[in-house]
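> model the following, please.
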Amino acid sequence: MPLKWKLIFILLVVIVSGVMCWPLNEKLKLGLDLKGGTHLLLGVDTDEALKVELDDNAARTLQALDKAKVTHGPVEPGDLKQGNYGFSIKGIDAEALDKAKSAAKSVLPEYDVRDVTQGLEATLTSTAVDRIRDTTVEQALTTIENRINQYGVTEPLIQRQGRKGERILVQLPGVDDPERVKKLIGKVAFLEIKLVNSGPFPSHEAAVGHYGAALPPQYEVVEEIAKGGTSQFYGVERLAIINGRDLTGATGGADQYGRPAVHFNLSTEGSRKFSTATAANVGHPLAIMLDGRISEHGVANIQERISDSGQITGSFTPEEARDLALVLRAGALPAKIKYLEERSVGPALGTDSIHKGISAGILGLVLVVLFMLVYYRGAGINAVVALSLNMLLLVAALAGLHATLTLPGIAGYILTIGMAVDANVLIFERIREDLRAGISVRQSIQEGFAKAFWTIFDSNLTTIIAALCLIQFGTGPIRGFAITLSVGLIASMFTAVWVSKVLFDASILRGGRAPSKLSI
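Okay, here's the model as predicted:
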């Protein structure tokens with residue numbers, strides 16, 4: 001390519017890069033450590049989602065057995081802690097086992113169904129277990145995104161992390177009320193409505209004792225949210241009539257006494273199940289449960305058939321009622337979450353970090369520029385121009401990639417400056433060696449760039465490989481450092497090797513005539 005076209009190409013790169021990063025305060029997003037905000041790393045309890053899936057399928061299996069007119073006993077769940085992802089149904093006559101097995105297989109396509117002594121045993125396949133775990137994390141990610149979007153946080157970062165994507169990273173820059181947002185994110189708000197079998201009891205032990213030596217597998221004991229510091233316990237059916245998956249909407253409002261309440265509506269299938277269950281149990285109590293506990297005032301007798309709506313009351317404020325409705329409306333988390341990492345950064349600390357980062361960058365740049373100009377004289381100007389273009393390309397690339405600049409990212413930016421200059425140092429020293437050996441200026445420049453190229457390429461490649469590992473396995477700040485370093489090294493390969501060579505050609509070898517001496 002002729003020298004003129006090379007210079008035009010460099011000019012176009014400068015113009016495009018300038019457009020990409022202007023205005024800088026709008027194109028380049030700041031991370032939490034610079035802008036302030038909340039950082040959360042969440043773990044999803046996928047075993048809980050598996051339990052809900054098993055309960056739903058167990059209920060469907062019982063319906064299939066009833067439809068096939070097979071006499072059976074209650075469902076006995078497997079021990080998830082022991083890795084038993086299944087359930088069993090006993091009390092089936094031997095002559096009805098084949099019929100029962102056929103009915104169960106019709107509704108359990110992802111289960112291994114086998115007959116045991118007077119019953120059936122169904123176990124989820126390993127493929128189905130992995131699918132449910134992955135789907136659970138994905139649903140949790142979507143639910144958290146919906147909640148944050150409805151809350152109104154600007155430019156949140158919500159993404160999966162970990163080797164299998166089993167964790168969720170949440171970064172909320174510039175939030176005004178981090179505590180409320182954290183509560184909003186962490187609230188599971190998994191709604192279940194179950195039939196009450198016994199209670200209330202003053203303690204968990206008293207509720208279990210009501211059933212004798214052992215609690216029957218079809219029941220469980222749950223706590224009602226404390227009223228005035230006193231908790232009550234009820235025995236309820238383990239299989240829910242409906243759950244949060246059956247909701248189509250929820251709004252905050254007030255009940256007939258003016259107390260804050262949440263009104264919810266059910267889907268067509270949810271209405272059918274709720275209508276059937278309440279019509280068959282008029283006069284019996286049912287419990288409205290949130291996150292495994294009965295909500296306050298959540299136990300009431302069924303007066304008549306209920307079809308497509310209901311309400312949740314409790315000792316919460318109007319704001320809490322609106323938040324609960326928001327959570328239910330955005331979708332309940334499919335499982336509980338655990339806080340693996342949590343930190344908050346105030347805006348004042350972020351501003352201080354920006355000032356110190358900029359000061360460190362300017363000081364480092366000034367020292368590098370002075371060194372290059374003093375030590376390499378005229379050739380140092382070449383290095384400074386290439387370095388300036390490298391910095392511009394790095395900022396433009398970060399803006400184009402919509403990357404978030406963090407404090408470690410600034411450290412990567414400063415480190416890139418040093419490594420970019422290091423490439424020029426290698427080239428210049430090679431040129432010096434050839435000049436001392438009596439080789440001509442033109443040939444020294446050609447050989448200097450050719451000999452240094454593979455050394456520069458090798459050192460940058462190994463650093464980029466290490467940075468890619470940090471991007472893959474690191475969390476937010478570490479990823480920010482690695483991304484900035486990787487982009488900067490790629491840009492330095494272009495500026496220190498190609499652009500610098502073009503500048504030498506333009507300033508020293510222009511017109512095809514090489515000078516007898518080189519200021520280096």
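> for residue 135, pull up the helix or strand it's in.
Element membership of residue 135 [criterion: DSSP states H and E] is helix 126-151.
> after the longest strand along the chain comes which helix or strand?
For the chain, the longest strand by residue count, based on DSSP state E, is strand 191-201. Using DSSP H and E, the helix or strand that follows strand 191-201 in sequence is helix 204-209.
> contact partners of that following helix?
Here helix 204-209 makes contact (Cβ atoms under 8 Å, 6 or more residues apart in numbering) with 198-199, 201, 215, 221, 223, 233-235. From N, CA and C alone the C-beta is placed, and that goes for glycine too.
> which of those residues ranks first by neighbour count?
The residue in the contacts of helix 204-209 with the most neighbours, by other Cβ atoms under 10 Å, is residue 234 (24 neighbours).
> what sits against the nearest residue to it once chain neighbours are set aside?
Spatial nearest neighbour of residue 234, excluding adjacent residues (Cβ to Cβ, 6 or more residues apart in numbering): residue 199 at 3.4 Å. Shown in contact with residue 199 (Cβ under 8 Å, 6+ apart): 207, 210, 232-235, 299.
> most widely separated two among those residues?
Greatest spatial distance in these: 210 and 299, 15.7 Å, computed using Cβ to Cβ.
> so for these two, which residue has more residues nearby?
Per other Cβ under 10 Å, whichever of residue 210 and residue 299 has more neighbours is residue 299, with 19 against 16.
> now that one: how far from residue 293?
In this structure, residue 299 and residue 293 are 12 Å apart, going by Cβ to Cβ, to the nearest Å.
> overlap in contacts of these two?
residue 224.
> chain center to the host helix or strand of residue 504: distance?
Take DSSP H and E as the rule and residue 504 turns out to sit in helix 500-507. Chain-centre distance of helix 500-507: 47 Å, with Cα atoms, centre = their mean, to the nearest Å.
> what's the answer for stretch 462-472, then?
Computed by Cα atoms, centre = their mean, the chain-centroid distance of stretch 462-472 equals 21 Å.
> with stretch 437-446 instead?
With Cα atoms, centre = their mean as the basis, stretch 437-446 stands 56 Å off its chain's centre.
> pull out the buried residues from it.
Residues 439, 441-442, 444-446 are the ones in stretch 437-446 that count as buried (16 or more other Cβ atoms under 10 Å).
> go on, stretch 132-151?
Buried residues in stretch 132-151, counted by 16+ other Cβ under 10 Å: 132-133, 136-137, 139-141, 143-145, 147-148, 151.
> about what we covered before: Serialize the contacts of helix 204-209 to TSV and add fields for distance to residue 363 and pLDDT.
Shown next, in TSV, are those (distance: Cβ to Cβ, whole Å; pLDDT from 0 to 100):
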residue	distance to residue 363	pLDDT
198	74	87
199	70	80
201	70	89
215	70	83
221	66	89
223	60	86
233	66	90
234	68	90
235	70	89
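> and for residue 79, the neighbour number?
Residues near residue 79, counting by other Cβ under 10 Å: 9.
> local confidence estimate at it?
Residue 79 carries a pLDDT value of 81.
> before we move on, what about residue 354?
69.
> okay, now the domains of the protein?
Taking automatic domain parsing as the domain assignment, the ranges for the chain are 3-35+346-512, 46-128, 187-341.
> how long is the second one end to end?
The first and final residues of domain 46-128 sit 13 Å from each other (Cα to Cα, to the nearest Å).
> again with stretch 61-74
Taking Cα to Cα, stretch 61-74 runs 11 Å from one end to the other.
> that one: how far from the chain's middle?
Worked out by Cα atoms, centre = their mean, stretch 61-74 lies 41 Å from the chain centre.
> how about it: buried residues?
Residues 61-62, 64-65, 70, 72, 74 are the ones in stretch 61-74 that count as buried (16+ other Cβ under 10 Å).
> report all helices and strands that the helix holding residue 504 contacts.
Applying 3 or more Cβ pairs under 8 Å, 6 or more residues apart in numbering; DSSP states H and E, we find helix 500-507 packed against helix 3-20, helix 378-400, helix 441-473.
> report the buried residues of it.
For helix 500-507, burial by neighbour count (16+ other Cβ under 10 Å) applies to 500-505.
> got CSV for these, with distance to residue 110 and pLDDT too?
Shown next, in CSV, are these (distance: Cβ to Cβ, whole Å; pLDDT from 0 to 100):
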residue, distance to residue 110, pLDDT
500, 61, 87
501, 62, 87
502, 62, 87
503, 65, 85
504, 67, 83
505, 67, 80
